[in-house]
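[1] this is a predicted model, with the sequence first.
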Amino acid sequence: MIKTWVLSAALLLPAFGATAGAYDSLAFALNQQTLINDLRAHCQIAKEVPDEKIKSVFINSKENHDALSATARALKNHQQEQYQQQLKRIHCPDFTQ
């Protein structure tokens, strides 16, 4: 009986880890897309500007580092009010170039 339980646990734990990892990856991707969409709206970034350029510009912005980190953290922690406050702190770079 104990051998069966140990064998079952050994088989299920890796599957649970893979499921948790997949869920974490999905949650990260959804949060990232939410943040990009909200940055587009906040900064009135044209639809033609690719998401990758938005990520690159904001990630490389020393001016926005703290505000962007706090915004992403609030989104991850489901703190909607704080997320909105932090989003307002982000300075909009010029994407017209």
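    The structure has been received and is ready for your questions.

[2] which stretches in the protein count as helices?
    Remark: helices assigned in the chain by DSSP state H are 2-43, 51-59, 65-76, 80-89.

[3] Gln32: neighbouring residues, count only.
    Residue neighbour count, defined by other CB atoms under 10 Å, stands at 14 for Gln32. Yep, even glycine has a C-beta here, placed from its N, CA and C like the rest.

[4] ok, now which ones touch it?
    The contact partners of Gln32, taken as CB atoms under 8 Å, 6 or more residues apart in numbering, are Lys55.

[5] gap between stretch 41-49 and the chain center?
    Averaging C-alpha coordinates over stretch 41-49 and over its chain gives two centres that are 18 Å apart (CA atoms, centre = their mean, to the nearest Å).

[6] quick one: end-to-end length of stretch 71-80, please.
    Its start and end residues considered, stretch 71-80 measures 10 Å (CA to CA, to the nearest Å).

[7] any idea of the mean pLDDT in it?
    Throughout stretch 71-80, pLDDT has a mean value of 94.

[8] centre of the chain to it, how far?
    In this view, stretch 71-80 has its centroid 9 Å away from the chain centroid, taken as CA atoms, centre = their mean.

[9] list the buried residues of it.
    Of the residues in stretch 71-80, those buried under the neighbour-count criterion (16 or more other CB atoms under 10 Å) are Thr71, Ala72, Ala74, Leu75.
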